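[1] just coords:
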Ligand SMILES: Nc1ncnc2c1ncn2[C@@H]1O[C@H](COP(=O)(O)OP(=O)(O)O)[C@@H](O)[C@H]1O
Ligand SMILES: O=C(O)[C@@H](O)C(=O)COP(=O)(O)O
């Protein structure tokens with residue numbers, strides 16, 4: 001495990017004035033529980049004027065954060081794949097990431113989870129928040145999944161997706177974490193085992209306009225925040241971004257857009273952000289869809305008639321009728337064109353596959369196959385532009401490509417940035433799309449924007 005030598009990397013001493021340290025060190029260290037969630041967060045931080053980099057997995061090597069690719073780094077987002085793993089692994093990787101971010105001298109922290117609160121009764125949102133709070137000795141944090149620009153709002157502590165309660169939305173049939181409740185306090189309550197740590201507070205919609213008078217109740221450990229529109233997130237960020245009793249904030253990416261403004265007002269950031277990184281590359285695009293979310297289903301349907309496409313069937317993979325070899329041959333035959341590989345299916349078909357193959361087995365067969373296909377396509381030099389739909393799928397693909405970090409470029413949809421990575425096979429450009437993000441024509445518009 002790499003040990004960060006702070007003084008070598010940052011050239012600073014611990015005794016320096018706090019504000020100077022904040023001006024020269026990254027301010028925000030963010031831990032995201034999946035890869036699309038991380039790039040979503042990074043895109044909104046960047047939109048809010050923070051120079052942001054994304055690191056994939058628990059960092060294990062040294063790179064000069066202070067001047068990464070010639071830019072001063074204000075925020076670091078660590079992408080983990082801990083949304084659906086064993087809670088103990090999620091806790092351990094999140095704590096290791098937190099330690100690394102502390103050694104990198106971040107002074108504020110954020111745990112980014114899904115705007116649809118993707119989790120199960122065993123976790124992992126509650127257990128990870130809990131562990132991070134304990135490590136930071138935080139008595140309070142906020143729980144703020146709202147992302148109104150993508151239809152996620154919180155009213156009276158209930159999470160809505162485009163105006164429908166979460167448990168009545170398509171998230172009720174998600175392949176890995178079907179959401180059966182919309183009440184954020186009770187979702188958390190089920191995940192937090194320690195009876196002494198269950199207390200949930202609430203900042204209701206009417207209180208958002210008078211936050212300056214808000215004082216958390218002594219025992220309110222997790223404070224669920226209503227937010228119905230983007231302006232509410234701006235008020236929450238203004239109040240909480242630099243609040244000394246809230247070193248850790250938690251939620252979706254909605255708040256991220258306004259953290260830069262709050263840091264600037266507090267005098268923690270003196271400069272204007274660097275120009276957006278240029279990410280575009282001259283190459284056809286490989287689109288990989290392992291998401292079965294409603295938005296991805298529509299996007300795949302739309303693109304099937306426009307791009308050569310190959311359906312990856314988990315049952316055929318399990319029986320050997322489809323294989324890494326046959327997929328590689330198909331890619332080779334189409335290599336000069338933008339193409340689509342997809343395993344996307346309706347909830348009913350996904351459920352039938354899971355009954356037959358087992359939930360985790362079906363997921364991992366597909367993730368591995370799609371990730372191997374991406375590695376084959378890039379190693380062979382056929383594709384430099386990659387679009388991936390789905391958080392778990394993105395985690396598998398990015399790991400297989402050996403990408404350690406990304407610089408963030410322009411966004412192609414709210415929460416979906418273009419990103420540039422250097423790999424052993426050269427520069428790559430990726431767009432990682434959360435399952436339910438983007439319009440029906442997302443794949444074709446992104447292919448167009450990606451190409452020089
Ligand atoms: N046809 C299928 N049958 C069963 N599971 C599938 C199928 N297609 C994809 N999956 C699995 O469903 C999960 C989708 O999760 P993810 O990639 O995070 O998408 P989303 O962002 O929509 O949640 C992945 O683990 C993927 O391997
Ligand atoms: O907050 C969000 O909605 C996204 O950033 C996100 O985490 C979505 O996850 P996936 O749908 O699994 O891609």
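    Happy to help now that I have it. Keep in mind that what you see is a predicted model, and the values were worked out from it rather than measured. Ligands and ions are numbered 1, 2, ... in the order given.
[2] which residue ranges form the strands in the stretch 301-450 of the chain?
    With strands called from DSSP state E, counting those that start in this stretch, the stretch 301-450 of the chain shows them at 309-311, 339-342, 385-389, 405-413, 416-423, 426-433.
[3] Point me to the residue of the stretch 51-200 of the chain nearest ligand 1.
    Proximity to ligand 1, evaluated over the stretch 51-200 of the chain using CB to the nearest ligand atom, is greatest for residue 175 at 3.8 Å. The way it works is simple: take the backbone N, C-alpha and C, and place the C-beta from them, glycine included.
[4] which residues sit in contact with the nearest residue to that residue once chain neighbours are set aside?
    In space, and not counting its chain neighbours, residue 175 is closest to residue 350: 4.9 Å by CB to CB, 6 or more residues apart in numbering. Going by CB atoms under 8 Å, 6 or more residues apart in numbering, residue 350 touches 173, 175, 292, 362.
[5] Lowest-confidence one in those?
    In terms of pLDDT, the lowest of these is residue 175, showing 89.
[6] Assign that one to one of the three secondary structure states.
    Under DSSP: H, G, I helix; E, B strand; the rest coil, residue 175 falls in the coil class.
[7] hang on, residue 187 in a helix?
    Yes - assessed by three-state DSSP, residue 187 belongs to a helix.
[8] how close does the nearest residue to it once chain neighbours are set aside get to residue 188?
    Of all residues not flanking residue 187 in the chain, residue 181 sits nearest, at 5.4 Å (CB to CB, 6+ apart). Going from residue 181 to residue 188 by CB to CB, to the nearest Å gives 10 Å.
[9] who has more neighbours, those two?
    Set residue 181 next to residue 188 and count neighbours by other CB atoms under 10 Å: residue 188 wins out with 21 against 18.
[10] correct me, but the more buried one touches residue 125?
    Yes - look at residue 188 against residue 125 with CB atoms under 8 Å: they come within range, at 7.1 Å.
[11] Ligand 1 contacts on this structure?
    Neighbours of ligand 1 within the chain, by CB under 6 Å from any ligand atom: 175-176, 290-293, 296, 314, 343, 345, 350, 353-354, 362-363, 366-367, 390-393, 434-435.
[12] the bottom helix or strand of the protein by mean pLDDT?
    For the chain, using mean pLDDT, DSSP states H and E, the weakest element among its helices and strands is helix 6-10, scoring a mean of 31.
[13] Spit out the contact partners of residue 90.
    So residue 90 contacts 33, 80, 82, 83, 123, 124, 127, 128 (CB under 8 Å, 6+ apart).
[14] how close does it get to residue 288?
    Going from residue 90 to residue 288 by CB to CB gives 25 Å.
[15] can you tell me how far the residue nearest to residue 187 sits from residue 354?
    Residue 181 sits 21 Å away from residue 354, going by CB to CB.
[16] got the residue ranges for the helices in the stretch 201-350 of the chain?
    230-240, 259-265, 294-304, 314-319, 324-333, 347-357 (DSSP state H, counting those that start in this stretch).
[17] Mean pLDDT added to the ones you listed, as CSV?
    Shown next, in CSV, are the helices of the stretch 201-350 of the chain (pLDDT from 0 to 100):
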stretch, mean pLDDT
helix 230-240, 97
helix 259-265, 95
helix 294-304, 96
helix 314-319, 95
helix 324-333, 97
helix 347-357, 95
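[18] can I assume residue 429 is in contact with residue 423?
    No - assessed by CB under 8 Å, residue 429 is found out of contact with residue 423, at 11.1 Å.
[19] So for the two, which sits in the more crowded spot?
    Legend: neighbour count by other CB under 10 Å for residue 429 and residue 423, higher for residue 429 (24 against 15).
[20] circling back to that earlier point, which of the contacts of residue 90 scores worst on pLDDT?
    By pLDDT, residue 123 ranks lowest within those, coming in at 88.
[21] Can you tell me how far the residue nearest to that residue when sequence neighbours are not counted is from ligand 2?
    Leaving aside its chain neighbours, residue 123 sits nearest to residue 87 (4.0 Å; criterion: CB to CB, 6+ apart). As for residue 87, its distance to ligand 2 is 18 Å (criterion: CB to the nearest ligand atom, to the nearest Å).
[22] measure residue 87 to residue 347 for me?
    Distance from residue 87 to residue 347, by CB to CB: 26 Å.
[23] would residue 111 count as being in a helix?
    No - counting by three-state DSSP, residue 111 is not part of a helix but strand.
[24] For the closest residue to ligand 1 within the stretch 251-400 of the chain, what are phi and psi?
    Closest contact between the stretch 251-400 of the chain and ligand 1, by CB to the nearest ligand atom, is at residue 390 (2.4 Å). The phi/psi pair for residue 390 (degrees, to the nearest 10) reads phi 120, psi 130.
[25] mind listing what it touches?
    Going by CB under 8 Å, 6+ apart, residue 390 touches 36, 289, 290, 291, 292, 293, 296, 433, 434, 435.
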